[in-house]
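Engineer: No letters, just coordinates:
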């Protein structure tokens, strides 16, 4: 049996809205129930990181803004709230992300940082790449996990399959040649970034790989893109571990996007990553994606059974993957 752990703290529930908001503590409680049902609920309690650790990925001004704003309940922007529990939750989420990386390197297997608040839209100074808002995110857990992984292993590969582009992660790692960031997301939705020609900054070209998938993409489209782009890059880069920004909001019925993914894609993604140690950082997913996508991904990884899945991608998905190959062929073989 592969090593598996969940890193979780009740502190994550203390980042809470005053009125209804899709990003609320019930998301985590829903995920906890799923893991209990799978008999995988033996949580490890993380400790908060010292505040100085935040400077590895964020500016001092932005950190101060979050700390001061979260003394009371308030909004950083129309999408993103802070509450008196936010600061401690965010520091502890960084602690969980760091521990996930350390355990992945030490024990191999899959180590899930089941954290809130989420992070992949948070850039160095807040909003990234002209995004209109922070998209529910406070500090970037996945980018911090990537920095920790680099310190310990020299290089890192980040895969983000949340339905929305991880613009904050891309911005923070933009000029970093030792961090490959592959991002599959729905094209032309919030945060309106993550296009094929975004390949990384000076001396880091080819390390940022975006797959902006067509509206209404389903399992066939995503599995095709995964086989054609993600797996070849993994094989060539040969990371010691993979950081996964795991969002399940692309699952059919999640309602924040038009994506139509099912257990098939998430199980396939998990199984094909089973030869790599994973630090999995929880991002989006609000309803059925947590009930079905999250357990499918974990079961796929733990089973390690890679089955060939015949696919019939849409014409638009074929075109997207062809464009990515054309742009990235300077640095990768497909």
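Structural biologist: Good, I have the coordinates. None of these values were measured; they are calculated from a predicted model.

Engineer: Can you show me the strands along the protein?
Structural biologist: When assigned using DSSP state E, the strands of the chain occupy the ranges 4-7, 74-75, 81-82, 110-113, 122-123, 126-127, 156-160, 179-186, 208-213, 242-246, 278-282.

Engineer: looking at the ones you listed, which is closest to residue 301?
Structural biologist: Closest approach to residue 301 among those is made by strand 110-113 (5.0 Å; C-beta to C-beta). For every residue, glycine as well, the C-beta is placed using N, CA and C.

Engineer: any chance of the strands of the chain in TSV, plus mean pLDDT and distance to residue 223?
Structural biologist: Conversion of these to TSV gives the following (pLDDT from 0 to 100; distance: least, C-beta to C-beta, whole Å):
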stretch	mean pLDDT	distance to residue 223
strand 4-7	98	24
strand 74-75	97	38
strand 81-82	98	36
strand 110-113	98	20
strand 122-123	98	29
strand 126-127	96	32
strand 156-160	98	14
strand 179-186	98	11
strand 208-213	98	11
strand 242-246	98	16
strand 278-282	98	19
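
Engineer: Out of the ones you listed, which gets nearest to residue 138?
Structural biologist: Between residue 138 and the strands of the chain, the tightest spacing by C-beta to C-beta is seen for strand 122-123, at 6.1 Å.

Engineer: Can you tell me what sits against the closest one?
Structural biologist: Residues from elsewhere that reach strand 122-123 (C-beta atoms under 8 Å, 6 or more residues apart in numbering): 58, 128-129, 131, 134, 137-140, 167-168, 171-172.

Engineer: strands paired with it, and their directions?
Structural biologist: strand 126-127 (antiparallel) (DSSP bridges).

Engineer: ok, and what's touching the partner strand?
Structural biologist: Defining contact as C-beta under 8 Å, 6+ apart, one finds that strand 126-127 is touched by 62, 65, 76-77, 121, 133-134.

Engineer: at 6 Å instead, please
Structural biologist: Contacting residues not belonging to strand 126-127 are listed as 62, 134 [C-beta atoms under 6 Å, 6 or more residues apart in numbering].

Engineer: Likewise for stretch 314-331?
Structural biologist: Stretch 314-331 is contacted from outside by 196, 206, 209, 211, 214, 221, 225, 228-229, 334, using C-beta under 6 Å, 6+ apart.
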